[in-house]
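Colleague: build me a structure from this.
(chains A and B)
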Amino acid sequence: MIFKNIHTIILLLTLFSLGACQGALQVDRVRDFKSKKTNIQKIVCIDPDFELLTTTGNKKTERRYRRASAKEIQLNNILVRNAQKNNLTLELVDTERLLPSNVEYFSQLAPLKREILQVSFLQDFVNRKKRKNQQKVFNRYEDGPAIGSHFSYLADEYGTRYFSVQGITTHRKPNNKQLVLLLTSPPFGVANLFSPEVDTYYYTIIADVVRAEIVYREIRRVDAPASDTNLNALVYDSFNIISQ
Amino acid sequence: MKNKKLTISKLFYFFYLNLRLKFALFACLLSCTVLSAQFETDYTPIEISGEIPPRFYHSLKGKTQIDIVLEDEGMSRRNRKDFSTKTSFTLREIFLSGSIYYNDPCTPYVREVTKKLTAGLPNGENVSVFVSRFVSPNAAIWQDGTLIVNIGLLARLENEAQLAFVIAHEISHYESKHPFLKYVRKQKPANIQKRALDNLKANVAYTQQNEIEADAFALELLNRAGYDSRVGARAIELMMNDETAGGIKDVGALLDIPGTDWCADLEARMYMGQERHEAHHFARAMLQQRRAKIDMDGTSNEGLFLVSESDFARISSMAKFEVIENHSLEADYVSALYQSIMLQKIYPENQYLQGKIVESLFQLYLYKKRDEMRRLLETNQENYLTTDLSRLSCFMNKVDESTLKRITAIYLKRQYERYGSEQETIAITAAKYTKLVSGRAAAKEHFEHYIKHFPYGKHYLYAEQMIND
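Modeller: Residues are numbered from 1 along each chain as shown, chains lettered A, B, ... in the order given. Below is the predicted model of the structure:
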């Protein structure tokens, strides 16, 4: 019987091992973070980042930097498009398009971006230790990490209290060359042998400058390269959660 | 007749000289008074304004400066291109991070000093100078000629000649192509040793050799420009040690609040990490070697100030305040607190300093209450190299929440009573502290106080939200 179905078993094993798009998601929000209540209509996104890291022997710096720069422009388009699909207005401040008159970037937005990233690293959401299930994907907390309240005046200038820092980091790792796959399913195994292993991380941090706190933080990981299709899916789902 | 004319002209010359001397003395006195008065009562941090210079937003799509400067150094074209791109992207990140000042009072002065040194150098025109918000007393140059002088360096040095020495040292690195040669060395497998320790030793020896070479050329540049080159040794000494460190025995004395002991020297050293401590001493030993060599080779000149003494004094004072501001922006509240208290000895009535002390104490209490103090201190640990600072950070780590709360409350109350209606930071910090300790309802009164006294303040919308919540 088992020999009769050996092909089915091999196929299933192959499919399981090919179930490549594994990943993780963690969303931290403050107690009342809901768009209906908080009425998020517009977010100012400060200069999204695209970073290509590598731990493989091949460190073609020049190509890697140029590619990251090109990808950053693609990411910007994807962010704006998917925010629209979720009825959100995303005002994207892109440093590639800075003009001599955009003084506000250096006097207001760059310091705010630094503060958001810094505080997000140094502080956690309050009451995290009281939470029983540490592995829960969606978490709600009493208070978010506190940022400086001297940014609150920006809400008047930009017509929104929500400012975000978003970005992608891809990590190219050495291929661990699954020999089992090569034996069980040679075509896939050969393809696997020559394809690099890449992890893609997508993060979004949203700060409410009027309340002077970080209200939403999300990190996603997928074991796949940052292709347009993958990025579209990641970003759409993220904005969908924010706008729900 | 001729003699009479000569006497009249002599008299005129004497009076003219006398007048010039008197005027110079008066101007010096006036500038000292203005300088002192400028920081006596308050300080407004430098705010970036005006049109952005092209260097800050230029795209990296075109050819970069390094491609032109660098010629073949036995490196493949790809490696040279890699080096060039890496440098350009790193610099772009630094410029876009908002860490570089522009249209500020410090940069033009530093550029003037640099101009004196680069006059006559073949690549001198390629050196472009910027002042950064970085607090470490240092400067750095890239192979495209971008020289970044940290505000921490301007705060630490005593005269223009010392600043000229540090700048000349960096220019020497650029002229000798040290950044590129270091990269070339890293790329060649022959330079990589099998044992990690051998590698470290080789790297240290290579770096030290470059530094000594740069020092020697810097002395030449200083002599050529007319600066006193002996000051180089003192400049290195100042970069190594913070001489404002006061050796204060406990936090109580620091804040004039009794009953707050802090860590002993040994405990502070253990807390700081023996490894870090040793690394610091190793770096100091290397600097000592350089210092001794400069002491021998430096020559005496008259020039301590060739651009302007009063400008240097103004910029140096301003830099001391900016260092506090930037420590605060980097969330290093221990350093901000300590430096504010130290500078308060010179400007006891300065409201900005009072505000910074209050704000830093509040932030430290907030981190303690949120149970994130350790993470905060560990992140900024590399700034706590003096004994005073390592002891203060050690104290902040071990102090319990209620003691820190008491210290913050006593100090805040004292300052609020004096400056609560004049100093924005003190007013908003009092409201935030009350909210954190006693809840929003209790803090309402303080937020209303802020709105009443600072209707155009930056925290206005936040205060309004806290009242309405």
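
Colleague: drop to CA atoms for contacts and neighbour counts, all remaining ones
Modeller: Noted.

Colleague: right, and the helix or strand after the helix or strand harbouring residue A:44?
Modeller: Assigned by DSSP states H and E, residue A:44 belongs to strand A:42-46. Sequence order places strand A:49-54 as the next helix or strand after strand A:42-46, per DSSP H and E.

Colleague: quick one: is that next one near chain B?
Modeller: No - figure legend: strand A:49-54 not in contact with chain B (Cα under 8 Å from any Cα of the partner chain); closest approach 10.7 Å.

Colleague: restricting to C-alpha, output that strand in CSV.
Modeller: Extracted C-alpha coordinates of strand A:49-54, given in CSV (Å, rounded to 0.1, in the frame of the first residue of the first chain):
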residue,chain,number,x,y,z
ASP,A,49,14.0,52.8,3.6
PHE,A,50,15.0,49.9,1.5
GLU,A,51,18.0,48.0,2.6
LEU,A,52,19.8,45.0,1.0
LEU,A,53,21.9,43.1,3.4
THR,A,54,24.1,40.1,2.5
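
Colleague: run a quick neighbour tally on residue 93.
Modeller: Let's take chain A. By the measure other Cα atoms under 10 Å in any protein chain shown, the count of residues near residue A:93 is 17.

Colleague: hmm, no, I was thinking of chain B.
Modeller: Residue B:93 has 12 nearby residues by other Cα under 10 Å.

Colleague: pLDDT score assigned to it?
Modeller: In this model, residue B:93 is scored at 87, pLDDT.

Colleague: and the helix or strand harbouring it, what does it pack onto?
Modeller: Element membership for residue B:93 (DSSP H and E) is helix B:77-96. Under the contact definition 3 or more Cα pairs under 8 Å, 6 or more residues apart in numbering or on different chains; DSSP states H and E, helix B:77-96 sits against helix A:61-85, helix B:65-69.

Colleague: quick one: the first one to strand A:42-46, angle?
Modeller: What it means is helix A:61-85. Here helix A:61-85 runs at an angle of 170 degrees relative to strand A:42-46 (axes from the mean of the first three to the mean of the last three Cα atoms, to 10 degrees).

Colleague: average pLDDT across helix A:61-85?
Modeller: In this model, helix A:61-85 has a mean pLDDT of 83.

Colleague: please enumerate the strands of chain A.
Modeller: A:23-30, A:42-46, A:49-54, A:89-93, A:138-141, A:162-173, A:197-208, A:213-222 (DSSP state E).

Colleague: now the ones you listed as JSON lines including mean pLDDT?
Modeller: Listed next are the strands of chain A as JSON lines, based on pLDDT from 0 to 100:
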{"stretch": "strand A:23-30", "mean pLDDT": "84"}
{"stretch": "strand A:42-46", "mean pLDDT": "95"}
{"stretch": "strand A:49-54", "mean pLDDT": "80"}
{"stretch": "strand A:89-93", "mean pLDDT": "94"}
{"stretch": "strand A:138-141", "mean pLDDT": "80"}
{"stretch": "strand A:162-173", "mean pLDDT": "90"}
{"stretch": "strand A:197-208", "mean pLDDT": "92"}
{"stretch": "strand A:213-222", "mean pLDDT": "92"}
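
Colleague: reformat those as CSV; add distance to residue B:97.
Modeller: Output for these, formatted as CSV (distance: least, Cα to Cα, whole Å):
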stretch, distance to residue B:97
strand A:23-30, 26
strand A:42-46, 11
strand A:49-54, 12
strand A:89-93, 14
strand A:138-141, 30
strand A:162-173, 13
strand A:197-208, 17
strand A:213-222, 20
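
Colleague: and chain A, which of its residues are near chain B?
Modeller: Within chain A, the positions near chain B by Cα under 8 Å from any Cα are A:60-62, A:65, A:95-96, A:98-103, A:106-107, A:110-111, A:114-115, A:118, A:122-123, A:126, A:149-153, A:209-212.

Colleague: out of these, which are buried?
Modeller: Buried subset of the residues of chain A next to chain B (neighbour count, 16 or more other Cα atoms under 10 Å in any protein chain shown): A:61-62, A:65, A:95, A:98-99, A:102-103, A:106, A:110-111, A:114-115, A:122-123, A:126, A:149-153, A:209-212.

Colleague: what about the nearest residue to residue A:200 once chain neighbours are set aside, neighbour count?
Modeller: Using Cα to Cα, 6 or more residues apart in numbering or on different chains and skipping residues adjacent in sequence, the residue nearest residue A:200 is residue A:170, 4.4 Å away. Residues near residue A:170, counting by other Cα under 10 Å, number 22.

Colleague: who's in contact with residue A:170?
Modeller: By Cα atoms under 8 Å, 6 or more residues apart in numbering or on different chains, the contact list for residue A:170 reads A:51, A:52, A:53, A:198, A:199, A:200, A:201, A:225, A:226.

Colleague: contact partners for the nearest residue to the first one once chain neighbours are set aside?
Modeller: Right, residue A:51. Nearest non-adjacent residue to residue A:51, counting by Cα to Cα, 6+ apart: residue A:169, 4.7 Å away. Residue A:169 sits next to A:49, A:50, A:51, A:52, A:53, A:200, A:201, A:202 when contact means Cα under 8 Å, 6+ apart.
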